[in-house]
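>>> Show me the folded form of this:
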Amino acid sequence: MGSSRRWEHTRLCTLYFLHAHALGLWGVNLSNVLKAHGLESIVPYAYACSSIAALISPLAIGALADLRMSPERVLRRLGLGSALFLWIMYYAIGHRWGAGWVLLLTQLHALWSVPTFGLTTAFILSRLQNPQKSFGPVRLWATLGWMSAGWMVSWVLLADASVWSGYAGAIAWLFIVGFTYALPTTSVIAGSPQRTLREIFGLDALKLLRQADHRIVFITAALFNAVLAAFYPFAVLHLEDLGVGHVTAVMSLGQVTEIIAMLGLATLLGRFRLKWIFLTGIGFSVLRYAIFTVDQTWALLVGILLHGFCFTFFFTTAQIYLVRRVPLEFRSRAQALLTLMTSGIGNLAGSLGFGWWRGACQSSGRTDWPLFWSGMTLATALVFVFFAVAYRGAPRMEQTDE
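Numbers count the residues shown, from 1 in each chain. Model prediction:
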């Protein structure tokens with residue numbers, strides 16, 4: 001690898017690290033912050049704001065792309081909006097503006113921040129010569145960024161339930177904005193053909209759903225993300241009920257196994273069919289929620305530790321699947337569609353549906369956590385069965401061996 005290629009690789013890794021660090025500074029402990037400021041009742045709706053934004057973010061990104069902006073310029077503008085509204089959102093929480101204002105500002109922030117990670121991923125994939133082999137080690141730096149954010153919130157800022165975690169996230173976004181000026185410049189084709197409204201809105205990517213395997217992967221991704229939506233907001237609250245301190249740092253245990261999974265993913269992709277890797281990720285999630293039903297601190301710690309396997313073996317594999325199986329001209333739109341199905345449809349259904357389920361599991365202000373996680377275990381097991389039965393994979397004669 002030449003020096004210029006190494007320098008570009010370093011910049012891509014740094015971008016992933018900074019981006020995930022900014023998200024992790026506030027995303028993990030939001031439910032604790034809301035609870036500490038008398039807003040526990042809006043936790044499901046606050047997390048649903050990101051889902052609503054994911055449903056319409058492809059429209060915003062499509063419109064910006066239609067203005068022929070390079071990805072780094074789009075990320076720069078989205079980063080500025082994310083920093084501004086995140087700061088105001090946490091100011092509103094800290095100064096008790098009320099649930100309505102907090103939800104409005106949370107939604108405004110989400111409209112700017114939600115498209116950014118998909119944009120960053122598409123940008124990085126476009127710069128890698130062999131994504132199947134090199135994406136895992138690069139994506140690893142996002143995991144490290146998220147983990148370091150948890151440590152910073154719990155042990156440096158001492159802000160597991162403080163608005164200072166949100167202020168730190170806003171400052172981190174400004175670092176990302178500055179770093180975009182150091183990113184490799186992406187050429188934009190001047191005078192490109194006029195795009196139709198269907199193309200701007202990303203609706204032409206829906207034709208990918210006509211292919212059976214694509215359709216099953218996208219549907220399963222939405223369903224799996226729905227049951228995954230309960231993990232961060234409710235595992236944090238469960239830890240607090242068990243009297244565990246430094247919960248944001250504790251939640252970073254999941255990134256330990258995520259690192260292991262990322263490092264081993266390229267080897268697994270070369271030896272096993274994609275179907276078995278997908279099912280392994282879902283299977284770990286079934287096991288994780290089943291362990292949570294024990295309602296003991298050690299069980300929560302073990303279950304959290306399994307999160308990295310759940311996430312990497314399904315969602316990172318899904319991104320690799322799109323690189324392998326989707327035509328080059330549709331890959332960016334396919335990644336956007338994956339974001340819409342997971343962070344949009346799946347996360348929205350999960351945040352609201354399992355927020356209702358948690359309410360049904362409450363009595364006298366206390367949550368019956370074994371019952372709650374039993375429901376999550378059953379729902380995830382149904383996703384496992386659906387994918388195992390419905391997904392077929394590429395024919396054996398094809399080199400991808402999926």
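>>> quick one: buried residues of the host helix or strand of Trp112?
Assessed by DSSP states H and E, Trp112 sits inside helix 99-127. For helix 99-127, the neighbour count (16 or more other C-beta atoms under 10 Å) marks 99, 102-125, 127 as buried. (Glycine included, C-beta is placed from N, CA and C.)
>>> And the average pLDDT for that helix is what?
Mean pLDDT, helix 99-127: 88.
>>> Give the next helix or strand downstream of that helix.
helix 131-151.
>>> which helices and strands does that next one pack with?
helix 3-27, helix 99-127, helix 247-251, helix 253-271, helix 317-325 (3 or more C-beta pairs under 8 Å, 6 or more residues apart in numbering; DSSP states H and E).
>>> Can you identify each of the strands in the stretch 251-400 of the chain by residue range?
In the stretch 251-400 of the chain, the strands defined using DSSP state E, counting those that start in this stretch lie at 362-363, 366-367.
>>> List the contacts of stretch 128-146.
9, 12-14, 16-24, 124-125, 252, 255, 258-259, 262-263, 265-266, 269, 308, 316, 319-320, 323-324 (C-beta atoms under 8 Å, 6 or more residues apart in numbering).
>>> Correction: the previous question concerned stretch 95-102.
Residues contacting stretch 95-102 (C-beta under 8 Å, 6+ apart): Leu34, His37, Gly38, Leu39, Ser41, Ile42, Ala46, Met89, Ala92, Ile93.
>>> Now render the strands of the stretch 251-400 of the chain as a markdown table, adding mean pLDDT.
Output for the strands of the stretch 251-400 of the chain, formatted as a markdown table (pLDDT from 0 to 100):
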| stretch | mean pLDDT |
| --- | --- |
| strand 362-363 | 88 |
| strand 366-367 | 90 |
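>>> Ranking these by mean neighbour count, which comes first?
strand 366-367 (a mean of 12; mean count of other C-beta atoms under 10 Å).
>>> hang on, Phe315 packs against Thr220?
No - the pair Phe315 / Thr220 is not scored as a contact, 10.8 Å apart, by C-beta atoms under 8 Å.
>>> The two: which has the busier surroundings?
Thr220 (23 against 18; other C-beta atoms under 10 Å).
>>> any idea how far that one lies from Ile52?
Using C-beta to C-beta, to the nearest Å, Thr220 is found at 22 Å from Ile52.
>>> returning to what we had before: mind giving me JSON lines with the strands of the stretch 251-400 of the chain and columns for distance to Val163?
Shown next, in JSON lines, are those (distance: least, C-beta to C-beta, whole Å):
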{"stretch": "strand 362-363", "distance to Val163": "26"}
{"stretch": "strand 366-367", "distance to Val163": "25"}
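>>> And for Ile345, the neighbour number?
20.
>>> mind checking pLDDT for it?
87.
>>> Excluding chain neighbours, what is closest to it?
Ala222 (4.9 Å; C-beta to C-beta, 6 or more residues apart in numbering).
>>> helix, strand or coil for that neighbour?
helix (DSSP: H, G, I helix; E, B strand; the rest coil).
>>> Pull the contacting residues for Thr380.
Contacts of Thr380 (C-beta under 8 Å, 6+ apart): Phe224, Val227, Ile282, Ser285, Val286, Tyr289.
>>> Format the contacts of stretch 95-102 as a markdown table; extra columns: secondary structure, pLDDT and distance to Pro137.
Below are those laid out as a markdown table (DSSP: H, G, I helix; E, B strand; the rest coil; pLDDT from 0 to 100; distance: C-beta to C-beta, whole Å):
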| residue | secondary structure | pLDDT | distance to Pro137 |
| --- | --- | --- | --- |
| Leu34 | helix | 94 | 36 |
| His37 | coil | 94 | 40 |
| Gly38 | coil | 92 | 44 |
| Leu39 | coil | 94 | 40 |
| Ser41 | helix | 89 | 42 |
| Ile42 | helix | 92 | 39 |
| Ala46 | helix | 91 | 34 |
| Met89 | helix | 97 | 34 |
| Ala92 | helix | 97 | 39 |
| Ile93 | helix | 96 | 37 |
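>>> Quickly note the distance from the residue most central in space within the chain to Met262.
Taking C-alpha atoms, centre = their mean, the centroid of the chain lies closest to Ser343, which sits 6.9 Å from it. In this structure, Ser343 and Met262 are 20 Å apart, going by C-beta to C-beta.
>>> Report how many residues lie close to the closest residue to Phe218 other than its chain neighbours.
Spatial nearest neighbour of Phe218, chain neighbours left out: Met341 (4.9 Å); criterion: C-beta to C-beta, 6+ apart. By other C-beta under 10 Å, 23 other residues sit near Met341.
>>> Can you give me the pLDDT of Pro71?
For Pro71, pLDDT reads 79.
>>> Compute the number of surrounding residues for it.
Neighbours of Pro71 (other C-beta under 10 Å): 23.
>>> hang on, it packs against Ile124?
No - between Pro71 and Ile124 there is no contact under C-beta under 8 Å: 9.7 Å.
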